[in-house]
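Q: sequence below, structure please.
(4 chains)
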There are 2 protein chains.
Amino acid sequence: MSPKTPPGQTRDQIFRFVRERLFEGLPPTVREVQQAFGFKSVQTAREHLETLVAEGRLTKAAGLSRGYRLAEGLALPAMALVPLLGQVQAGELTTAVEEPEGYIPVPSRQAAEGMFALRVRGRSMIDAGILPGDLVLVRRQSAAEPGDIVVALVEDEATVKRLRRRNGRLELHPENPEFFPIVPEPGALVILGKVIEVRRHLEGMPVYD
Amino acid sequence: MSPKTPPGQTRDQIFRFVRERLFEGLPPTVREVQQAFGFKSVQTAREHLETLVAEGRLTKAAGLSRGYRLAEGLALPAMALVPLLGQVQAGELTTAVEEPEGYIPVPSRQAAEGMFALRVRGRSMIDAGILPGDLVLVRRQSAAEPGDIVVALVEDEATVKRLRRRNGRLELHPENPEFFPIVPEPGALVILGKVIEVRRHLEGMPVYD
DNA sequence: TTGCTTACCAGACAAATGTGTGCTATGCAA
DNA sequence: TTGCATAGCACACATTTGTCTGGTAAGCAA
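A: Alright, predicted model coming up:
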């Protein structure tokens, strides 16, 4: 008999194994789990799987081959592609087509709704750790809180700045002492969205389109 | 016998059915195809499936249940999860499991091979735009080029620094004037991998585990 | 006609796979 | 000790599932 492992440890690995296989598109059979973990009996694998079902981490379709699935809530993050906009044109950006340069994958279909991506061009945000060439993922919204990093429309160009409130009005502040804050006329500030993620690829990044 | 349909028409619909099922995560069995299309014989479904394989639209793993897959090139862009390692222990990090804190989704299965992720803890790389709390995605490799940002092992702790060559030896340089370079004994430098991506989530990020 | 192809059916067999019963061994707590 | 839980094993059985052999019927071209 194989040595006994600490309680739950093997089961965690089995859970990840099943999830991995689901990612690849083909759920494992009980015997595939058995072989993957070197169990000498099918039943050992089966008991672990059934325990995972009882724990609510897996679900199963009884009788079906390869019937184990991830439980609700643990579902695989389905990938979605967010458009990488190049030139952000005048107006509202809401006009359907802005000639995306490509598409950025995000791990949640839901989160991708109403998102777009931009490539940062200036050095005005380097103290916030946002460098030229970085990608910012932006959720579209026309308002934001002071302190948020936002994408705003300044003279028909999209710019990334931190939103600040000063003297009762909203301003766009760079995070680089070499740059000056932008003080829009009251009511003239057009916010395109809020930056919710920053990505920097130091090595070749696959482009989707 | 059911009425005979025009050549290829039923087969196209079977292809779409299989693709749909693959997208949902559970490839169909031959008999499930049979029932979905109301065939009175298993063999009818089987012949269509085998024809799709012969046409190069599907592939199959013979003998396996639910063994039909989409052919190369027709596959969906698949995501993979990269382990987010918390404490990087001594030694080589190559020991199988290091108690991942979670898993980070990356958009390519292939790229995920041999990768891991770390959460940055210090402020030593802020001038490179790497802030505390940022995630770095690392490809495992034991050597790197000067100029690369690497993860190296310093006194049993993983640290992110830029690799530099000075006076003929490799050093680990921070990107923050408040910190000093680390000068390992020649030959004592343990490189765990190269940083290939930096991510910062400014808003709640889903954690997978 | 003949011959060929495609679409479909019937029934059987064998391999893959899910499931059940009974067992050993270890650790822990009452 | 007893009792209980977890980890694992052996073996059998039934269902699911892939596979095979042989058939019918319709359309089309030589």
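
Q: so does the longest strand seen in chain A get close to chain B?
A: Looking across chain A with DSSP state E, the single longest strand is strand A:190-201. Yes. Under the criterion of C-beta under 8 Å from any C-beta of the partner chain, chain B is reached by strand A:190-201 at A:K194, A:V195, A:I196, A:E197, A:V198, A:R199, A:R200, A:H201. From N, CA and C alone the C-beta is placed, and that goes for glycine too.

Q: out of these, which are buried?
A: With burial judged by 16 or more other C-beta atoms under 10 Å in any protein chain shown, the buried subset of the residues of strand A:190-201 next to chain B is A:K194, A:V195, A:I196, A:E197, A:V198, A:R199, A:R200.

Q: would you turn the residues you listed into TSV with distance to A:L118 and pLDDT?
A: Compiled in TSV, those are given as follows (distance: C-beta to C-beta, whole Å; pLDDT from 0 to 100):
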residue	distance to A:L118	pLDDT
A:K194	12	95
A:V195	9	95
A:I196	12	94
A:E197	12	95
A:V198	11	95
A:R199	11	94
A:R200	13	95
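
Q: out of the residues you listed, which is nearest to DNA strand D?
A: A:E197 (37.7 Å; C-beta to the nearest atom of the strand).

Q: between strand B:100-106 and the lowest-mean-pLDDT helix or strand in chain A, find me the angle.
A: Scoring the helices and strands of chain A by mean pLDDT, DSSP states H and E places strand A:100-106 at the bottom, with a mean of 77. Angle of strand A:100-106 versus strand B:100-106, following axes from the mean of the first three to the mean of the last three C-alpha atoms, to 10 degrees, is 160 degrees.

Q: off-centre distance for strand A:100-106?
A: Computed by C-alpha atoms, centre = their mean, to the nearest Å, the chain-centroid distance of strand A:100-106 equals 12 Å.

Q: over to stretch A:183-193?
A: For stretch A:183-193, the distance to the chain centre is 28 Å (C-alpha atoms, centre = their mean).

Q: report the buried residues of that stretch.
A: Applying 16+ other C-beta under 10 Å to stretch A:183-193 flags A:L189, A:I191, A:L192, A:G193 as buried.

Q: hmm, the first one is touching A:V150, no?
A: No. Counting by C-beta atoms under 8 Å, A:L189 does not reach A:V150; the two are 9.3 Å apart.

Q: which neighbours do those two share?
A: A:L172 (C-beta atoms under 8 Å, 6 or more residues apart in numbering or on different chains).

Q: got the domain boundaries for chain A?
A: A:9-70, A:80-199 (automatic domain parsing).

Q: which of those domains has the lowest average pLDDT?
A: Of all the domains of chain A, the minimum mean pLDDT falls on domain A:80-199 (a mean of 83).

Q: which one of the buried residues of stretch A:183-193 is nearest to DNA strand C?
A: Nearest to DNA strand C among these, with distances taken as C-beta to the nearest atom of the strand, is A:G193, at 45.8 Å.

Q: thought the closest one was touching A:A117?
A: No. With contact defined as C-beta under 8 Å, A:G193 does not count as touching A:A117 (10.4 Å).

Q: what residues are shared contacts of those two?
A: A:V138.

Q: a markdown table please, covering the domains of chain A and showing distance to B:L70.
A: Below are the domains of chain A laid out as a markdown table (distance: least, C-beta to C-beta, whole Å):
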| stretch | distance to B:L70 |
| --- | --- |
| domain A:9-70 | 8 |
| domain A:80-199 | 19 |
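
Q: flag every buried residue along stretch A:171-186.
A: For stretch A:171-186, using 16+ other C-beta under 10 Å, the buried residues are A:E171, A:L172, A:H173, A:P174, A:E175, A:F179, A:I182.

Q: just say helix, strand or coil for the fifth one.
A: Under the three-state scheme (DSSP: H, G, I helix; E, B strand; the rest coil), A:E175 adopts coil.

Q: tell me who's in contact with it.
A: Applying C-beta under 8 Å, 6+ apart, the residues contacting A:E175 are A:S124, A:M125, A:I126, A:D127, A:A128, A:I130, A:R162.

Q: buried ones in stretch A:112-127?
A: A:A112, A:M115, A:F116, A:A117, A:L118, A:V120, A:S124, A:M125, A:I126, A:D127.

Q: now do stretch A:49-59
A: For stretch A:49-59, by 16+ other C-beta under 10 Å, it's A:L49, A:L52, A:V53, A:R57, A:L58.

Q: cool, stretch A:15-24 as well?
A: Buried positions in stretch A:15-24, judged by neighbour count with 16+ other C-beta under 10 Å: A:F15, A:R16, A:F17, A:V18, A:R19, A:R21, A:L22, A:F23.

Q: on that earlier part again, partners of the helix or strand just after the least confident helix or strand of chain A in the sheet?
A: Next along the chain after strand A:100-106, taking DSSP states H and E as the criterion, comes strand A:115-119. The strands beside strand A:115-119 in its sheet (DSSP bridges) come out as strand A:80-85 (parallel), strand A:135-140 (antiparallel).

Q: just name the most buried of these.
A: strand A:135-140 (a mean of 22; mean count of other C-beta atoms under 10 Å in any protein chain shown).

Q: partner strands of the following helix or strand past that one, with direction?
A: The first helix or strand that comes after strand A:135-140 along the chain, using DSSP H and E, is strand A:149-154. Applying DSSP bridges, strand A:149-154 is found paired with strand A:157-166 (antiparallel), strand A:190-201 (antiparallel).

Q: so which of these comes closest to B:E72?
A: B:E72 lies closest to strand A:190-201 among those, at 26.1 Å (C-beta to C-beta).

Q: sorry, back to before: including distance to DNA strand C, could the buried ones among the residues of strand A:190-201 next to chain B go into a markdown table?
A: Shown next, in a markdown table, are these (distance: C-beta to the nearest atom of the strand, whole Å):
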| residue | distance to DNA strand C |
| --- | --- |
| A:K194 | 46 |
| A:V195 | 45 |
| A:I196 | 40 |
| A:E197 | 39 |
| A:V198 | 43 |
| A:R199 | 39 |
| A:R200 | 43 |
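
Q: farthest pair within the residues you listed?
A: Across these (C-beta to C-beta), the longest gap, 18.9 Å, separates A:K194 and A:R200.

Q: report the contact partners of the closest residue to A:E203 other than its chain neighbours.
A: Spatially, and ignoring its direct neighbours in sequence, A:E203 is nearest to B:I196 (4.2 Å; C-beta to C-beta, 6 or more residues apart in numbering or on different chains). Residues near B:I196 by C-beta under 8 Å, 6+ apart: A:H201, A:L202, A:E203, B:M115, B:L137, B:V138, B:R139.
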